[in-house]
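**Student:** coordinates only, no sequence provided:
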C-alpha cells in the first residue's frame, strides 16, 4: 500500500517548491575558518604542449581543403561507377521482318529474290551486330575497370591519410563522428 501514497507525496513535495528554503541551513561551529578556500587551480599547461597543439591544428586546417576535395572525389567516383554499372547494351536496328502477306502479292520469282535479299540483309546485320556488341562489351568492361580503379585509388588515399574516416575496413561510407572531428580539427 505504500506505493499508493507515492503520487500524493510527490504532489505535496512539488507544491512546497524548493525544500531547501524550508530546511534550516547547518551552522558552522564558532571558531571555525570562515575565509573562503581558493578553488583548486589547474596546473599551468606546458608551453611546448600548447605549441604542439597549435602546430597540429594549423596543419589540420591546411590539409582540410585537400582532404574534403578527396572526399568529394570519392562520391563522384562512386556515382561514376554506378552509372557505368547501370549501362545496358542497345542493339542496332535490325532489318524489317519478313512480311509474308505483303510478299504474297508478288510473283513467285520475285518473292524468291526478295527472300534471298532479306536473308542476306539479315546475315549482314547479324555479323555487324555481333561486332558492335563485342566492341561495346569490351569498351564497357574497360570503363568499368577504370571507374573501379579510380574509386579504389581514392579510397586507399583517404584510408592512408585518415584510417578512422570510414565506418568499417571494407566500407566506403564515412564515419560521421570522424568527419565532424576532422572538420573541427579537434582530432
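**Tutor:** Good, I have the coordinates. Model, not experiment: these values are computed from the prediction. Residues are numbered from 1 along each chain as shown.
**Student:** helices and strands around the longest helix seen in the chain, which ones?
**Tutor:** Longest helix in the chain, counting residues (DSSP state H): helix 108-161. Packing contacts for helix 108-161, counted by 3 or more Cβ pairs under 8 Å, 6 or more residues apart in numbering; DSSP states H and E, involve helix 47-86, helix 100-103. (Each C-beta comes from the backbone N, C-alpha and C, glycine too.)
**Student:** tell me who's in contact with residue 157.
**Tutor:** residue 70 (Cβ atoms under 8 Å, 6 or more residues apart in numbering).
**Student:** how near is it to residue 90?
**Tutor:** 36 Å (Cβ to Cβ, to the nearest Å).
**Student:** quick one: low-confidence ranges for the chain?
**Tutor:** By pLDDT under 70, the low-scoring segments of the chain are 1-45, 98-101, 103-106, 186-187.
**Student:** and if we set it to 90?
**Tutor:** Along the chain, segments meeting pLDDT under 90 span 1-50, 52-54, 56-61, 63, 90-119, 121-122, 162-164, 169-170, 181-187.
**Student:** so of the helices and strands packed on helix 108-161, which one's packed in deepest?
**Tutor:** Comparing the helices and strands packed on helix 108-161 by mean neighbour count (mean count of other Cβ atoms under 10 Å), helix 47-86 comes out on top with a mean of 13.
**Student:** chain center to it: distance?
**Tutor:** Relative to the centre of its chain, helix 47-86 is centred 14 Å away, using Cα atoms, centre = their mean, to the nearest Å.
**Student:** much appreciated, bye for now.
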